[in-house]
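[1] Only the shape, not the letters, is given here:
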C-alpha cells in the first residue's frame, strides 16, 4: 500500500513545525496587528488615507481591514513566500529529496503534499493575523458597528461575519502567491532566490497596476485581487470583485502549480 | 499487483547513458547483478558511479538505455523500488529533527510496516543511544550509519550503497564491512560502489570496473585475479623483430607492444627459455626479460587510468571490454 498524499501532507506539516522560519512567519502575522494596535493606543491618531482608517478608534472591526490593505503591498506576500519559496528548495539544501523519493511515494504525491502544507501555512498565517487583529482591536476600540464603504452602518455582529469573509477572500490572492512561490522554489532550488523572486513578482505586478494607460488590465492583475474583499464592505454586497478574484487568482495559481509539478516530476535529483 | 518471482534478476542495466551537455558521465553501461551477489561497482572518483546509481534508483533520467530492478523500471513508478533500498552519496537527513524522527518520516513514506523496525534498525547500526539527538549534530560516520538504518527499515532484498565506507574511521569501516557481510549472509543482494579496491576485494564476489563512464571489466573477482596473473616484460635491441619472433614462438601468447618494452604471457618457463634462444638466433638481443607479477591493484590502475588504447580489445584480449 502506497502511503498516499495525506501521509506526506502530515509529514510536511511536521517538518514545518520543526523549522524556525515557520514561526518567524506566523510570529510576524501575530506581531504586526499587535504592534499596530499598541501604536494606535499609545499615540492616538489614525491612518486617514486608507479605507476604514478613520474608524480604527471607533471599532476593533476596522483593525484587520486596515491591515489587509497595508499588508497586501509586501507583508503578507512575504510571509507566504517565506515558506512557499522554501518548501521544495529546502529539500535541495539538505539534499533530502533523494531520500524521500527512494521510499514508496511518487513524485507527484510529494509535490501535492507540499502544496497542501504550504496552503495550510498560509491559511494559518492569515487566521492568526485576523484573530490577533480582531482580539487586540476589540480590546482597544471596542466591538462596535462599522461604517461600510457605501456609508451605511453595519452592526458589530454582521461586521464580524463580513470581516471573516474578507479574510477568506483574501486567501485567494495569497494562495496564488503561494503557488508562484512553490514554482520558484522548485525551479531555483534556492530558498533565498525563490522568496525574493516571489516578492519581486508581487511588487512588479503592483507597479504595472499604476502605469498610466494600463487601466484596462488592472482588474486582472494579481495585486488588484488583494482588494476584492472590499466588495463585502459595500451595501448591498458587491460580488463582482469577489467572483473575479476567484477566477483571476486561479489563472495565476493553476499554471504555476502545473509548471512547478512538471518541473518537479521531470527534474534530475542529482547533487550539486 | 502480481508477486515478484524470486528468480527475477535484481539489477539489469542495459546500454545506460547519461549525458550532461558534452560530458558523457555514464557511457553505455551494461550491468547484471544476480540474486545473492555482493557486487562491487569499482572505479575512481568521477567515473560515473554515483550517476549510475542515481539512475538505478530513478532519481535521474537516463539519456538512453534502461534499468530494471527485479524486472521493473524505476523511471516509470516508484513501485519498482519495492524491496529495494539504499543511498547515493552521503545519506542526507533533516538536520532540525532527531535521528529517530527522521527514520519515522522515512518509515511513514514506505509502503510496508517499516515503522515497526525503527528500534531494530537503530540497534543494528549502533545508534540507539543517539537517536534522540538532532541529526544536525551527527558526525559523518553517524549519518552514514543512520543511512543504513533508513535502508534497513524497508527490509530490502536489494541494497544499493554508494561508497558506504567513505569518511568512516578505521573502526567504522570495519563495522560497515561486517554489517554488509552479515546482510549478505542473510540473503540480501548488495551493490556497493567504491573507489577502494581493497574494500571491494574483501566484500564482493563480482565486480564491474568503470573508468570515465564505461565498464572496463565485469565479472567475478576470481576471474579478474586470474587475469591479473603473470606475464613477462621484454626489451631487446630490435623490438619489431623480437615481437615477430615472440608471436611465432610456441607457448608464447598475448604479445603486446608497450611504450618501451614488449609484454607477453608464457605457458611455462620452458617456453620462456626457448624464446630467449630464438631471440638471440634472430639477432634481437635481450636487454631485459623479467617476470611481472601483476597485482589486482595494477590491473585496477591499468583499467582505470590507462590510455583508451590500453583497453582496446586487440591489445587486451583477455579482458571483456564493454
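    Done, it's in. These figures come from a predicted structure and were not determined experimentally.

[2] buried ones in stretch A:201-221?
    A:201-202, A:205-206, A:209, A:221 (16 or more other Cβ atoms under 10 Å in any protein chain shown). All C-beta spots, glycine's among them, are computed from the backbone N, C-alpha and C.

[3] next one: stretch B:184-192
    Buried residues in stretch B:184-192, defined by neighbour count with 16+ other Cβ under 10 Å: B:184, B:188-192.

[4] Quick one: mean pLDDT over that stretch.
    The pLDDT scores in stretch B:184-192 average 95.

[5] And the strands in the stretch 101-250 of chain B?
    Secondary structure of the stretch 101-250 of chain B (DSSP state E, counting those that start in this stretch): strands at B:158-162, B:189-194, B:206-211, B:214-220, B:230-236.

[6] in chain A, which ranges drop under the pLDDT threshold?
    Along chain A, segments meeting pLDDT under 70 span A:1, A:272.

[7] And the stretch 151-300 of chain B, by the same measure?
    The low-confidence ranges in the stretch 151-300 of chain B, as defined by pLDDT under 70, are B:226, B:228-230, B:293-295.

[8] residue contacts, the residue lying closest to residue B:51 once chain neighbours are set aside?
    The spatial neighbour of residue B:51 that comes closest, neighbours along the chain excluded (Cβ to Cβ, 6 or more residues apart in numbering or on different chains), is residue B:25 at 4.6 Å. Residues in contact with residue B:25 (Cβ atoms under 8 Å, 6 or more residues apart in numbering or on different chains) are B:18-19, B:48, B:51, B:213.

[9] One more: residue B:34?
    By Cβ under 8 Å, 6+ apart, the residues touching residue B:34 are B:9-10, B:189, B:206.

[10] One more: residue A:112?
    Taking Cβ under 8 Å, 6+ apart, we find residue A:112 in contact with A:5, A:8-9.

[11] Please pick the buried ones from those.
    Counted by 16+ other Cβ under 10 Å, the contacts of residue A:112 give A:5, A:8-9 as buried.

[12] Return the set of residues that bridge with residue B:264.
    Note on residue B:264: beta-bridge partners by DSSP bridges are residue B:232.

[13] Run a quick neighbour tally on residue B:144.
    Using other Cβ atoms under 10 Å in any protein chain shown, residue B:144 is surrounded by 24 other residues.

[14] Could you measure from it over to chain A?
    Remark: distance between residue B:144 and chain A (Cβ to the nearest Cβ, to the nearest Å) = 13 Å.

[15] Same check on residue B:35?
    Taken as Cβ to the nearest Cβ, the span from residue B:35 to chain A is 20 Å.

[16] Okay, and which of the buried ones among the contacts of residue A:112 map to helices?
    A:5, A:8-9 (DSSP state H).

[17] Which of the residues you listed sits closest to chain B?
    Nearest to chain B out of these is residue A:8 (Cβ to the nearest Cβ; 7.0 Å).

[18] Identify the residue nearest the closest one in space, chain neighbours excluded?
    Leaving out its chain neighbours, residue A:8 is closest to residue A:113 (Cβ to Cβ, 6+ apart), at 3.1 Å.

[19] Kindly report the same for residue A:91.
    residue A:97 (4.4 Å).

[20] same deal with residue A:245?
    Nearest one to residue A:245, counting by Cβ to Cβ, 6+ apart, is residue A:228 at 3.5 Å.

[21] Enumerate every residue touching the one you found.
    A:169-170, A:172-173, A:241-242, A:244-245.

[22] which one of those residues has the most neighbours?
    Neighbour max across the contacts of residue A:228 (other Cβ under 10 Å) = residue A:173, 29 neighbours.

[23] so it sits in a strand?
    No. Residue A:173: not assigned to a strand; according to DSSP: H, G, I helix; E, B strand; the rest coil it is helix.

[24] got the residue ranges for the strands in chain A?
    A:146-147, A:153-154 (DSSP state E).

[25] how about these, which one is nearest residue B:301?
    Residue B:301 lies closest, by Cβ to Cβ, to one member of those: strand A:146-147, at 82.8 Å.

[26] From the structure, what's the count of residues near the nearest residue to residue B:165 once chain neighbours are set aside?
    In space, and not counting its chain neighbours, residue B:165 is closest to residue B:173: 4.5 Å by Cβ to Cβ, 6+ apart. Other residues lying near residue B:173 total 19 when counted by other Cβ under 10 Å.

[27] and residue B:173, how far is that from residue B:209?
    Between residue B:173 and residue B:209 the distance is 21 Å, computed by Cβ to Cβ, to the nearest Å.

[28] At the geometric centre of the chain, which residue do we find?
    Defaulting to chain A. Closest to where the C-alpha atoms of chain A average out (Cα atoms, centre = their mean) is residue A:174, at 3.0 Å.

[29] meant chain B, my bad for not saying
    Judging by Cα atoms, centre = their mean, chain B has its centre closest to residue B:41, at 1.6 Å.

[30] How much space separates it from residue A:263?
    Counting by Cβ to Cβ, the gap from residue B:41 to residue A:263 is 30 Å.

[31] Tell me the residues on the stretch 1-150 of chain A that lie near chain B, please.
    By Cβ under 8 Å from any Cβ of the partner chain, the part of the stretch 1-150 of chain A that sits against chain B consists of A:1-3, A:7-8, A:10-11, A:14-15, A:18-20, A:94-107.

[32] Report the buried members of those residues.
    For these, buried by 16+ other Cβ under 10 Å: A:2-3, A:7-8, A:11, A:14-15, A:19, A:94-107.

[33] ok so, going back, will you turn the buried residues of stretch A:201-221 into a markdown table that also has distance to residue B:32?
    Shown next, in a markdown table, are the buried residues of stretch A:201-221 (distance: Cβ to Cβ, whole Å):
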| residue | distance to residue B:32 |
| --- | --- |
| A:201 | 50 |
| A:202 | 54 |
| A:205 | 56 |
| A:206 | 60 |
| A:209 | 62 |
| A:221 | 59 |
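
[34] average pLDDT for stretch B:45-64?
    94.
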